[in-house]
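Engineer: Kindly generate the corresponding structure for this input.
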Amino acid sequence: MTAPRQNKVAYFYDSEFSTFYFGQNHPMKPHRLTMTHQLVLGYELHKHMDMFRAVKAQPSQLGQFHSPEYIELLAHVTPDNMSEHGAAMNRHNFNEDCPVFDGLFEYCRCVST
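Structural biologist: Next up, the predicted model:
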């Protein structure tokens with residue numbers, strides 16, 4: 001008989017994740033991340049997994065996977081100026097599922113490493 005497989009679980013969390021608001025119609029809500037983290041701690045699940053704090057990616061690291069134009073768009077587009085970036089947003093498939101929100105570039109840096 002074979003021994004049960006021991007899976008390792010990696011859990012990435014940073015309280016900064018909960019500071020980003022994707023917009024009213026987007027299903028991702030920052031408070032859900034905070035509640036999930038509190039459940040992980042409350043049920044002591046963190047003792048059974050490897051926990052990591054996210055490290056912000058540098059633009060050069062993002063450039064390993066994305067075009068300079070896309071990184072430039074992420075760094076400069078905001079809800080207030082997105083009409084100025086319409087063509088680039090269309091090229092990079094920005095829509096309701098990929099919204100522009102305040103702090104977008106910092107969010108991308110947080111979740112990219």
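Engineer: Residue 49 is in contact with residue 8, correct?
Structural biologist: Yes. Here residue 8 reaches residue 49: they are 7.3 Å apart, a contact under C-beta atoms under 8 Å. Every residue, glycine included, has its C-beta placed from N, CA and C.
Engineer: ok, these two, which is more surrounded?
Structural biologist: Higher neighbour count among residue 8 and residue 49: residue 49, with 13 against 7, using other C-beta atoms under 10 Å.
Engineer: how many other residues sit next to the nearest residue to that one once chain neighbours are set aside?
Structural biologist: Computed as C-beta to C-beta, 6 or more residues apart in numbering, the closest residue to residue 49 that is not its neighbour in sequence is residue 9, at 3.8 Å. Neighbour count of residue 9, defined by other C-beta under 10 Å: 10.
Engineer: Which helix or which strand is home to residue 108?
Structural biologist: helix 104-111 (DSSP states H and E).
Engineer: What helix or strand is residue 88 located in?
Structural biologist: Residue 88 belongs to helix 86-91 when assigned by DSSP H and E.
Engineer: Go through the chain and flag its longest helix.
Structural biologist: In terms of residue count, the longest helix belonging to the chain (DSSP state H) is helix 30-42.
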